[in-house]
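J.: what would the 3D arrangement of this be:
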Amino acid sequence: MQNISKNCAVAGLLAALCACAADNGRYPSLALRPFETGAAVPSPVFEPANPTPIRAATSPAMLAALHGKAISAHAAFLAKEQAAGPIARGAAGQSVENNARAAALVAMAELSSRRGATSAALAEIDQIAAEAAAALSADPALVAVQAEVAALLDQEDAAIARLWAAMGR
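T.: Numbers count the residues shown, from 1 in each chain. Model (predicted):
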């Protein structure tokens, strides 16, 4: 019984080895490749057929429209700030139930609404800047407009903080 199992094992091993010896072109050659023998092999050079120049992420007209939107929103904020300033200072030290305080709160809410319009313009510019960054398409004009509108928004935040401080919160 033991001899039969040994013979079967040997026969199976021989059959497996014979199957490996067949070359039907499906397996790679085991011969030495050129880089293994030390021969110099030129590396392929890939060059784009038509290199595309880096272009601006947004058209100058669209950028000018967004800039104009931010400037007009800031102008509306400044107009509302001039009207809200005396109202906020008049409410300084007043109780919550006082009509002057209620009018100042309404003026501050309107001022915050105007700030939101400037912030919305900056959000649109930020979105375009993010898309430009993702496309690796630097646009100095876009960066300049983004910085300018962000500075306007900082001015508006400072104005709102001053009026809240004048009102006495």
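
J.: for the lengthiest helix in the chain, packing partners?
T.: For the chain, the helix reaching the highest residue count under DSSP state H is reported as helix 99-134. With contacts defined as 3 or more CB pairs under 8 Å, 6 or more residues apart in numbering; DSSP states H and E, helix 99-134 has these neighbours: helix 60-90, helix 140-167. The C-beta positions use only the backbone N, C-alpha and C, and glycine is treated the same way.

J.: show me which helix or strand of the chain is least confident by mean pLDDT.
T.: One helix or strand of the chain scores below all others by mean pLDDT, DSSP states H and E: helix 2-21, with a mean of 64.

J.: quick check: mean pLDDT across the helix or strand just after it?
T.: Moving toward the C-terminus from helix 2-21, the next helix or strand (DSSP states H and E) is helix 34-37. For helix 34-37, mean pLDDT rounds to 74.

J.: got the CA positions of helix 34-37 in CSV?
T.: Output of helix 34-37 as CSV, limited to C-alpha atoms (Å, rounded to 0.1, in the frame of the first residue of the first chain):
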residue,chain,number,x,y,z
PRO,A,34,19.3,44.0,-21.8
PHE,A,35,19.4,45.9,-18.5
GLU,A,36,20.4,42.8,-16.7
THR,A,37,23.5,42.3,-18.9
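
J.: how far away from the center of its chain is it?
T.: Centroid displacement of helix 34-37 relative to its chain, using CA atoms, centre = their mean, to the nearest Å, is 46 Å.

J.: output the contacting helices and strands for it.
T.: Under the contact definition 3+ CB pairs under 8 Å, 6+ apart, helix 34-37 sits against no other helix or strand.

J.: circling back to that earlier point, now the longest helix of the chain: buried residues?
T.: When neighbours are counted by 16 or more other CB atoms under 10 Å, the buried residues of helix 99-134 are found to be 100-101, 103-104, 107-108, 111, 114-115, 117-119, 121-122, 125, 128-129, 132.
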